[in-house]
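Undergrad: with the input below, show me the fold.
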Amino acid sequence: MTFAFLLFWLSVACVAYGYLIYPLVLYGAGCLFGKLRNPGYLEDARLPRITLLVAAHNEAAVIDERIKNALALDYPSAKLDIIVASDGSTDQTPAIVRRYAMQGVRLLDYPERRGKASVLNSAIAEARGEIILLSDANVRTDPMAARSLARWFDDVQVGAVCGRLILTDPKSGRNADGLYWKYETFLKKQEGRLGALLGSNGAIYAMRKEHFQPIPPGTIIDDFVIPLAARLRTGRHIIYDRDAIAYEETAPDIRAEFRRRTRIGTGGWQAIAMLWPLLNPRQGWIAFTFFSHKILRWACPFFLTMALLGNLLLCAIPLYRWLFVAQAALYLSALIGGVVPRAFPGARILRLANMFVHMNAALLVGFAHWISRRQTGIWPVTERPAPAGAGASPTTVDPEHRAASNAATFNPI
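TA: Numbering: from 1, shown residues only. A predicted model of the protein is given here:
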């Protein structure tokens with residue numbers, strides 16, 4: 001009985017801390033010890049040279065739009081280097097990129113598909129900029145984003161800067177940021193105040209080229225590992241810049257989103273093996289945020305499982321029967337939330353429950369993939385709108401906001 005009691009309450013405490021208590025503690029720490037940074041404005045003469053790097057595999061449906069968006073950045077053309085690194089593309093991606101050679105866009109066409117980590121290792125070595133701005137093929141970047149990111153590097157203590165990602169709806173093109181995504185953005189802001197931001201998102205982040213070291217070819221979540229590995233080596237800060245904005249589509253359906261989350265879960269456990277020295281208290285606030293925000297989050301599926309098991313063992317006690325009913329209600333709500341229309345009363349709460357359970361189930365599968373070494377560093381092809389025809393520019397859902405689907409409420413971890 002004592003074992004079941006400890007199993008249940010310790011598991012519940014870990015889940016509650018990771019999702020509810022940690023944000024409050026983080027906010028308090030940010031208010032007491034954090035620093036609001038403002039890099040100010042940099043004149044063109046002082047702006048660093050930037051290489052915008054996009055790794056792509058079979059992205060013919062979106063790469064034309066991506067290049068046009070990159071060329072429209074408000075940044076001195078003499079200081080902007082644009083590279084598209086093709087990872088064994090077998091569609092028209094390389095041909096489309098070559099059309100822009102006269103406008104300074106460089107194609108690095110790697111014929112053999114090796115995975116994103118290997119492509120980044122090779123492509124960053126070819127970059128001419130002192131700052132590398134990494135992005136994805138299905139992203140639309142705000143014209144001022146590069147300039148906003150670049151101004152931070154005037155401070156020698158800044159090693160990397162993460163921009164703000166906004167999700168959009170495919171039908172309307174409007175902002176589709178869900179409650180959970182707003183929650184994650186809040187955490188990024190508070191962690192940034194403490195100089196303890198955890199990695200970046202692949203849609204938009206920049207780092208000093210001199211701080212980059214090649215990562216293992218099988219690295220899955222490169223946008224998490226690269227900046228944190230640099231932070232571990234150099235001690236330079238990772239900054240969050242909410243003014244540097246990118247718009248990105250989410251997974252096209254719940255099944256694709258589950259695969260994406262599974263991959264993140266696999267990559268998360270893989271990253272612990274690479275970045276565990278960050279847990280050393282001598283690393284300061286980042287040791288606290290890494291343990292609280294990431295390790296506990298990735299372990300949450302096990303805590304939920306143990307809480308359910310402990311609850312079953314205690315069901316002879318009336319209080320725990322009610323708590324078991326509450327757990328059952330959570331999982332039933334998650335099932336309903338996956339099919340309920342948005343207009344349904346209480347749909348937002350039901351969909352939030354669905355997202356929570358869906359996310360943790362994917363993390364559990366991701367752990368199994370990591371243990372069995374089933375996941376590789378080669379990312380799966382994401383379905384995009386088909387090109388309009390041979391030699392034609394690809395079709396787009398909306399030229400202003402490339403978007404996703406109703407799965408936009410299922411946001412990155």
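Undergrad: can you list the buried residues in the longest helix along the chain?
TA: Ranked by residue count and defined by DSSP state H, the top helix of the chain is helix 347-372. Buried positions in helix 347-372, judged by neighbour count with 16 or more other C-beta atoms under 10 Å: 350-367, 369-370. Any C-beta I mention is one placed from the backbone N, CA and C, and that applies to glycine too.
Undergrad: leaving out the residues flanking it, which one is nearest to the most centrally placed residue in the chain?
TA: Nearest to the mean C-alpha position of the chain, by C-alpha atoms, centre = their mean, lies residue 201 at 3.7 Å. Counting by C-beta to C-beta, 6 or more residues apart in numbering, residue 165 is the residue found nearest to residue 201 once chain neighbours are left out, at 5.2 Å.
Undergrad: that neighbour - how many residues pack around it?
TA: 26 (other C-beta atoms under 10 Å).
Undergrad: that one: what secondary structure?
TA: strand (DSSP: H, G, I helix; E, B strand; the rest coil).
Undergrad: now for it: which residues touch it?
TA: 201, 203, 204, 245, 246, 247, 248, 412 (C-beta atoms under 8 Å, 6 or more residues apart in numbering).
Undergrad: relative to residue 302, which of those residues is nearest.
TA: Nearest to residue 302 out of these is residue 412 (C-beta to C-beta; 20.8 Å).
Undergrad: show the model's pLDDT score for that closest one.
TA: pLDDT, residue 412: 35.
Undergrad: equivalent analysis for residue 307, please.
TA: We have a pLDDT of 96 for residue 307.
Undergrad: go on, residue 35?
TA: 81.
Undergrad: just residue 149 next, same as before
TA: Confidence score, pLDDT, at residue 149: 96.
Undergrad: and the one 10 residues further on, by the same measure?
TA: Per-residue pLDDT puts residue 159 at 93.
Undergrad: check residue 134 too.
TA: 96.
Undergrad: low-confidence ranges in the stretch 51-200 of the chain?
TA: By pLDDT under 70, the low-scoring segments of the stretch 51-200 of the chain are 169-178.
Undergrad: strands along that one, start to end?
TA: Ranges of strands within the stretch 51-200 of the chain are 80-87, 105-110, 131-135, 139-141, 158-167, based on DSSP state E, counting those that start in this stretch.
Undergrad: can you put those in JSON lines and add distance to residue 13?
TA: Formatted as JSON lines, the strands of the stretch 51-200 of the chain follow (distance: least, C-beta to C-beta, whole Å):
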{"stretch": "strand 80-87", "distance to residue 13": "44"}
{"stretch": "strand 105-110", "distance to residue 13": "48"}
{"stretch": "strand 131-135", "distance to residue 13": "37"}
{"stretch": "strand 139-141", "distance to residue 13": "39"}
{"stretch": "strand 158-167", "distance to residue 13": "30"}
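Undergrad: and the strand or helix carrying residue 307, what does it pack onto?
TA: Element membership for residue 307 (DSSP states H and E) is helix 296-313. Helix 296-313 is packed against helix 2-16, helix 254-275, helix 318-337, helix 347-372, with contacts defined by 3 or more C-beta pairs under 8 Å, 6 or more residues apart in numbering; DSSP states H and E.
Undergrad: understood, closing this out.
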